[in-house]
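In: Sequence and predicted model, in that order:
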Amino acid sequence: MEHQRENLTVEEAVRRILLGCSVLPERAVPLRDARELVLARDVVAGSPSPRFDTAAMDGYAVQHADIRGATLERPVHLGIVGAGVAGDREITPVAPGTAVRIMTGAVCPEDADVVIPFELVESRGDQIVVSQSFAAGTNIRRTGEDIAVGSVVVERGTVLGPAHLAVIAAEGHETIEVVPRPRVAVIATGDELVRPGQALEPGQIWDSNSVMVAALVEQFGGEVVMSGCAPDEPAAVLVALRREAAAGADLIVTIGGASLGDRDVLTELASDVIALERWSIAMKPGKPLVYGLLDSAIVIGLPGNPAAAFVSAVQFVRPAIVTMLGQLDIDPPTIVARTLEVIPNQGGRRNYLRVMLEVDEHGYVARLAGPQNVANLATLSRADGLLVIPDGVEQAEPGERFEVQIIRSL
Ligand code: AMP
Ligand code: MG
């Protein structure tokens with residue numbers, strides 16, 4: 001059967017895919033699960049931080065008026081009248097002429113306005129001897145000086161990192177409204193595929209793409225809800241697609257069977273059964289790509305060769321996931337690096353080369369990580385990044401600079 005293929009650039013394909021992607025509806029999740037997610041609503045401080053005037057050092061709480069004039073020649077003697085540690089509900093008040101032994105994090109007694117660190121004071125039995133002056137407020141963290149009630153502590157739209165989570169926890173929140181992770185099903189197709197750990201028959205290989213694409217999906221911020229293999233049977237693949245769409249997947253990523261060979265199962269799925277578009281992208285590795293909508297799920301069909309599957313996942317699956325996550329910056333992290341070798345680029349396709357990165361005195365240097373064959377997994381596993389040679393460049397010369405998409409920490 002002849003299938004119509006549309007020729008697209010990478011940008012045009014991404015644009016079309018994103019037309020079908022929207023930011024997922026916000027949901028409350030436990031703080032512990034919110035890392036790297038986008039905050040859906042401003043978090044406003046309902047209580048001050050610190051919550052009470054707090055000792056910032058281990059030492060003695062005293063009244064400033066008592067020690068204002070203290071010098072080596074005219075030391076001040078204060079009687080120790082109590083002690084307090086972090087967590088104590090009440091601390092002995094500090095009356096004129098007295099001091100209270102106090103530890104970091106303890107409530108600072110109301111009348112005290114200086115905490116003198118142990119190392120700057122001499123203790124003699126039940127007295128301390130102060131022989132220098134301290135400014136009022138020294139070593140006391142005042143109520144609300146860090147976060148005032150009513151202030152916005154984290155703005156909506158923020159991608160939550162560890163410190164954001166801390167500041168939200170410090171406000172006492174257990175859960176937080178975020179854009180949740182898209183649910184992503186990963187379906188590898190191929191009669192030759194066997195799950196790693198199981199015995200191979202002649203002609204079979206272990207499925208290495210499922211775990212790779214599932215791991216990529218998680219790096220992009222998605223939640224893998226299913227990962228497995230389907231045979232090269234259109235009916236079986238259709239059943240799997242429908243099952244995952246019905247189960248609530250936001251995105252279904254298939255791997256393999258997207259080209260024009262015999263038994264290319266995604267290509268064979270008849271268009272009157274499911275609306276899938278077949279694209280030919282001006283890129284290398286990769287080229288065939290399948291795209292469609294099924295119920296509320298987006299379907300992206302990646303090519304099966306490992307390097308093509310990887311590079312296509314970075315270009316097409318990542319933007320879909322980060323868009324659903326509500327992130328505004330959809331481009332993968334890139335740096336600029338120099339090449340050291342001549343790299344031919346025939347064919348008018350954008351070339352993504354698997355490279356290793358180093359730094360010298362002029363900046364990043366990219367070296368080919370090995371043979372760039374689309375099936376070569378060893379090269380892929382050595383690569384730090386994808387050096388992008390534009391389609392118009394016929395040959396990269398040593399010393400030329402190109403963008404490199406970082407793939408170690410996407
Ligand atoms: P396809 O895109 O299905 O024509 O597959 C292209 C090449 O990639 C073939 O050599 C397949 O055996 C291989 N391949 C496809 N899917 C996988 C997979 N999940 N794991 C490892 N290799 C695969
Ligand atoms: Mg196949």
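Out: Cool, the structure landed. Numbers count the residues shown, from 1 in each chain. Ligands and ions are numbered 1, 2, ... in the order given.

In: C-alpha only now, for contacts and for neighbours.
Out: Noted.

In: What strands line up against the longest strand anywhere in the chain, and which way round?
Out: For the chain, the strand that runs over the most residues, judged by DSSP state E, is strand 350-360. Partner strands and pairing direction for strand 350-360 (DSSP bridges) are strand 283-284 (parallel), strand 363-368 (antiparallel), strand 385-389 (antiparallel).

In: Contacts for the last one, please.
Out: Contacts with strand 385-389, where a contact means Cα atoms under 8 Å, 6 or more residues apart in numbering, come from 345, 350-357, 366, 396, 402-408.

In: After the least confident helix or strand in the chain by mean pLDDT, which helix or strand is next? Please name it.
Out: Least confident element among the helices and strands of the chain, by mean pLDDT, DSSP states H and E: helix 265-268 (a mean of 85). Sequence-wise, the next helix or strand downstream of helix 265-268 (DSSP states H and E) is strand 276-281.

In: distance between that following strand and the chain's centre?
Out: Taking Cα atoms, centre = their mean, to the nearest Å, the mean C-alpha location of strand 276-281 is offset from the chain mean by 30 Å.

In: report the angle between the axes of it and strand 350-360?
Out: Strand 276-281 runs at 60 degrees relative to strand 350-360, counting by axes from the mean of the first three to the mean of the last three Cα atoms, to 10 degrees.

In: Quick check: can you name the pairing partners of strand 276-281 and their directions?
Out: Counting by DSSP bridges, strand 276-281 is paired with strand 6-8 (parallel), strand 288-294 (antiparallel).

In: returning to what we had before: from the strands paired with strand 350-360, which stretch is densest packed?
Out: Among the strands paired with strand 350-360, ranked by average contacts under mean count of other Cα atoms under 10 Å, first place goes to strand 385-389 (a mean of 25).

In: How far off centre is the helix or strand just after it?
Out: Next helix or strand after strand 385-389 toward the C-terminus (DSSP H and E): strand 395-396. Put simply, strand 395-396 sits 34 Å off its chain's centre (Cα atoms, centre = their mean).

In: For the residue nearest to Gly363 when sequence neighbours are not counted, list each beta-bridge partner.
Out: Closest residue to Gly363 in three dimensions, ignoring its sequence neighbours and counting by Cα to Cα, 6 or more residues apart in numbering: Ala337, at 7.0 Å. Ala337 has these beta-bridge partners by DSSP bridges: Tyr364, Phe402.

In: returning to that earlier point: got the strands paired with strand 350-360 as JSON lines, with distance to ligand 1 and mean pLDDT columns?
Out: Putting the strands paired with strand 350-360 into JSON lines (distance: least, Cα to the nearest ligand atom, whole Å; pLDDT from 0 to 100) gives the following:
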{"stretch": "strand 283-284", "distance to ligand 1": "14", "mean pLDDT": "96"}
{"stretch": "strand 363-368", "distance to ligand 1": "22", "mean pLDDT": "96"}
{"stretch": "strand 385-389", "distance to ligand 1": "20", "mean pLDDT": "97"}
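
In: who wins for proximity to ligand 2 among the ones you listed?
Out: Ligand 2 lies closest to strand 283-284 among the strands paired with strand 350-360, at 18.3 Å (Cα to the ion).

In: hmm, who's touching that closest one?
Out: Thr9, Val10, Ala308, Arg349, Arg350, Asn351, Tyr352, Asp391.

In: Stretch 252-265 now?
Out: Under Cα under 8 Å, 6+ apart, the answer for stretch 252-265 is 184-190, 209-210, 232-234, 237, 241, 244-245, 266-267, 288-290, 297-305, 309, 317.

In: how close does the residue nearest to Gly363 get to Glu400?
Out: From Ala337 across to Glu400, the span is 8 Å (Cα to Cα, to the nearest Å).

In: now Pro319
Out: For Pro319 relative to Glu400 (Cα to Cα), the value is 28 Å.

In: For the two, indicate the residue with more neighbours.
Out: Taking neighbours as other Cα atoms under 10 Å, Pro319 and Glu400 compare with Pro319 leading, 24 against 12.

In: part of a strand, is that one?
Out: No. Read with DSSP: H, G, I helix; E, B strand; the rest coil, Pro319 is helix and lies in no strand.

In: can you pull the pLDDT of it?
Out: pLDDT recorded at Pro319 is 97.

In: That one and Leu18 touch, don't they?
Out: Yes. Contact criterion Cα atoms under 8 Å: Pro319 and Leu18 qualify, at 7.4 Å.

In: Quote the end-to-end distance of stretch 177-184.
Out: 21 Å.

In: Spell out which residues of this protein are next to ligand 2.
Out: Residues of the chain lying close to ligand 2 (Cα under 5 Å from the ion) are Gly190, Gly256, Gly257.

In: just those: which has the poorest pLDDT?
Out: Among the residues of the chain next to ligand 2, Gly257 has the lowest pLDDT, at 92.

In: Am I right that that one sits in a helix?
Out: No. Gly257 is assigned coil when assessed by three-state DSSP, not a helix.

In: Give me the neighbour count for it.
Out: Number of residues near Gly257 (other Cα under 10 Å) recorded here: 26.
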